[in-house]
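let me see the structure of the following:
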Amino acid sequence: MSAGPPVPEPASPPDPVPALPDRNKLGLTGLIALGIAYMGLALAAYFCFGIMEGLAGPVVPLAFLAVTAAMLPTAASYAVMNARRPSAGSAFTWLWEATVPWLGVWLGWILVITYIVGAALQPVMFGLFFNSFLNVVGVHAGTLTALCGSAVAVLATAFLTRRDIRISVRAIGIFICIEASFVALLSVYIVITQGLRGRLSWQPLIPGHATSWPGFVNAVLFAVLSIAAFDVVAPVAEETKVPRSVVPKATIIVTVAAGAYWAVTSFGIVSGVPAATMASYVSSGQFTPIYLVAEHYLGAAKIMVPLTGFTASLAALSAVSIAASRQLFALARRHMAPRAFAATGPCDAVPWSTHLLVLACCAVLPVVITLYQNASPLLAFAWIGQTYVFLILIPYTLTCCANIIYHFRYHAAQVRWLTNLALPAAGIVINCYIFYRNFLVTFVFHPTSFKFQTSITVACFTLVACAAIATAVGSGRHRRQGAPDGTAGQDPGPRR
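Next comes the predicted model:
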């Protein structure tokens, strides 16, 4: 493709901007740990396997492979843009330069809100696991104990993430090993047990055993909440060794590895638990049906379900709170958020003021939403989760758009039709379809309850409007809009 008239590079910033401190610390393994932590390997198993089997029948492994394939085009756009323009601002930076500054800033605020919502989901889950643990040891549990558990999760995360990011990632890595090992061992044990009894079924791998095509599609859409987390590695690009190389690799590895893990482990769980039995487990009132599965196969070792739920929730909260704080830091250092949020904390190790704000939201939001949802932590979990899916689809879709526009605007001679056009276009279509089926149909076109459904719509559009207001305020404060932020390496490629 021939290059057209040159287009100048994005303007240089009018004044030096703070860079994230202690750069070049995380390698590929650390980034993968961060991404896998937010994926929540055990959390997806505990919350999704049973419900997905109820929707689609035994073909849960195929549903996870399908959702992985559906998310790969968007993950590819994140990988491409991370290779081209690594930055703590991630999609905020990319859309700013690909289109106009105000649109990038608006997306930056959407990302901050999205990550805070995703972070607030984790203490709720920790509280629910805390209740399950108390029930195991014979202590009555209710709303108050769940909220106390949520507070413990926030305090523990503050301790784990206050200083050097390497320390945080080491702790996250340990938690991942614990949760992933238990679920994998449970799955393997079920497969071996069923095989020895001559009852091992291969139905989970045969598409014809899906209950119906709409049920399969709904199961895939339900799994989006699990896999919609590969973007979490992008905001730590400036704290990464060789970000142009390792951040894109981590993005793809996290997506594929998590999908494969769920496909394999769900095969073990589903092959050992018939759909009718799983349905009874789901309706039993237990927070996760896998607790009853573990009780059937492991007896007293079922206590490992809430214990690994603790570690999984803490790992996920640590990962997403780190991403949220870096995203807000990126806005603040360009005067698009209060300048105080561009400060760093003890030993210049982390942007602590932004991190403290994120954790404060994680302490307050679970209480408010739980009380609103009839004092039910489980309903609060569902409400926050649906809100997160709505919000995350915005940056996912616009990152695909940025991939196309950025490369045609600045690198027309280097455009690759697969990675810079076909895949991002597929990502846009898939994300819009998920938004339509998973949100518009249920919560806009056919809602059945204001408190449990329509209120999600109201909250989401209110948050989008708040992001627009914050953008207007920030743009007015920063009269000259130059480059969006410092990056982990300026784009050296040719412009057109």
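
flag the shaky bits of the chain, pLDDT-wise.
Residue ranges of the chain with pLDDT under 70: 1-24, 345-350, 476-496.

ok, longest helix in it?
Secondary structure assigned by DSSP state H gives helix 101-136 as the longest helix of the chain.

got the angle for the helix or strand just after it vs helix 101-136?
Tracing the chain C-terminally past helix 101-136 and defining elements by DSSP states H and E, one meets helix 143-161 next. Inter-element angle recorded for helix 143-161 and helix 101-136: 120 degrees (by axes from the mean of the first three to the mean of the last three Cα atoms, to 10 degrees).

who does helix 143-161 touch, helix- and strand-wise?
Judged by 3 or more Cβ pairs under 8 Å, 6 or more residues apart in numbering; DSSP states H and E, helix 143-161 is in contact with helix 101-136, helix 165-196, helix 304-332, helix 352-372, helix 377-410. For the C-beta atoms, the positions are set from N, CA and C on the backbone; glycine is no exception.

ramachandran coordinates for residue 26?
Main-chain dihedrals, residue 26, degrees, to the nearest 10: phi -90, psi 140.

tell me which residues touch it, please.
Applying Cβ atoms under 8 Å, 6 or more residues apart in numbering to residue 26 gives the contacts 34, 165-166, 169, 236, 239-241, 246.

among those residues, who's most crowded?
Of all the contacts of residue 26, the highest neighbour tally under other Cβ atoms under 10 Å goes to residue 34, namely 31 neighbours.

for that residue, which non-adjacent residue is closest in space?
Leaving aside its sequence neighbours, residue 34 sits nearest to residue 319 (Cβ to Cβ, 6 or more residues apart in numbering; 5.0 Å).

show me what contacts that neighbour?
Residue 319 touches 34-35, 37-38, 172, 232, counting by Cβ under 8 Å, 6+ apart.

count the neighbours of residue 104 for me.
27.

do the same with residue 211
16.

ditto for residue 257
16.

equivalent analysis for residue 215, please.
Close neighbours of residue 215, defined as other Cβ under 10 Å, add up to 17.

ok, it touching residue 59?
No: when contacts are counted by Cβ atoms under 8 Å, residue 215 is not listed as touching residue 59 (9.3 Å).

list the helices and strands the longest helix of the chain packs on?
By 3+ Cβ pairs under 8 Å, 6+ apart, helix 101-136 packs against helix 91-98, helix 143-161, helix 304-332, helix 352-372, helix 377-410, helix 455-477.

closest to residue 186 out of those helices?
Ranking those by proximity to residue 186 (Cβ to Cβ) places helix 304-332 first, at 8.2 Å.

just to revisit the earlier point, so which pair among the contacts of residue 319 is furthest apart in space?
172 and 232 (11.2 Å).

now for those two: what residues contact both?
Taking Cβ under 8 Å, 6+ apart as the criterion, residue 172 and residue 232 both touch 34, 319.

which of the contacts of residue 319 are buried?
Among the contacts of residue 319, the ones that count as buried by 16 or more other Cβ atoms under 10 Å are 34-35, 37-38, 172, 232.

make CSV out of those and add distance to residue 438 and secondary structure.
Conversion of those to CSV gives the following (distance: Cβ to Cβ, whole Å; DSSP: H, G, I helix; E, B strand; the rest coil):
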residue, distance to residue 438, secondary structure
34, 26, helix
35, 22, helix
37, 24, helix
38, 19, helix
172, 28, helix
232, 20, helix
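
closest to residue 103 out of those?
When these are compared for distance to residue 103 (Cβ to Cβ), residue 232 wins out at 22.2 Å.

nearest to residue 52, out of the helices and strands packed on helix 101-136?
Across these, closest to residue 52 is helix 377-410 (Cβ to Cβ), at 14.2 Å.

counting by contacts, list what the closest one packs against.
Using 3+ Cβ pairs under 8 Å, 6+ apart, helix 377-410 sits against helix 60-84, helix 91-98, helix 101-136, helix 143-161, helix 213-227, helix 352-372, helix 423-435, helix 455-477.

need the winner for burial among these.
Comparing the helices and strands packed on helix 377-410 by mean neighbour count (mean count of other Cβ atoms under 10 Å), helix 91-98 ranks first with a mean of 28.

please tell me how far the nearest residue to residue 457 once chain neighbours are set aside sits from residue 449.
Closest residue to residue 457 apart from its sequence neighbours, by Cβ to Cβ, 6+ apart: residue 443 at 4.8 Å. Distance of residue 443 to residue 449, given as Cβ to Cβ, to the nearest Å: 10 Å.

quick one: which of these two has more around it?
It is residue 443, of residue 443 and residue 449, that has more neighbours when counted by other Cβ under 10 Å, with 21 against 8.

would you confirm that the more buried one belongs to a strand?
No: with DSSP: H, G, I helix; E, B strand; the rest coil as the criterion, residue 443 is assigned helix and is not in a strand.

that one against residue 450, yeah?
No: the criterion here is Cβ under 8 Å, and residue 443 misses it with residue 450 at 10.6 Å.

can you tell me which residues contact the closest residue to residue 336 other than its chain neighbours?
Spatial nearest neighbour of residue 336, excluding adjacent residues (Cβ to Cβ, 6+ apart): residue 474 at 3.6 Å. Under the criterion of Cβ under 8 Å, 6+ apart, the neighbours of residue 474 are 105, 331, 335-337.

okay if I get the residues you listed as a markdown table plus distance to residue 311?
Shown next, in a markdown table, are the contacts of residue 474 (distance: Cβ to Cβ, whole Å):
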| residue | distance to residue 311 |
| --- | --- |
| 105 | 36 |
| 331 | 31 |
| 335 | 39 |
| 336 | 36 |
| 337 | 32 |
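
from these, which two are the most distant?
The distance between the two most remote of the contacts of residue 474 (Cβ to Cβ) is 10.2 Å, for 105 and 335.

before we move on, back to that, so can I have CSV of the helices and strands packed on helix 101-136 showing distance to residue 422?
CSV is the format used below for those (distance: least, Cβ to Cβ, whole Å):
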stretch, distance to residue 422
helix 91-98, 18
helix 143-161, 38
helix 304-332, 28
helix 352-372, 36
helix 377-410, 10
helix 455-477, 29
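
what's the closest of those to residue 228?
Taking Cβ to Cβ, helix 377-410 is the member of the helices and strands packed on helix 101-136 nearest to residue 228, at 4.9 Å.

my read: residue 248 touches residue 82, true?
Yes: between residue 248 and residue 82 there is a contact at 4.8 Å, judged by Cβ under 8 Å.
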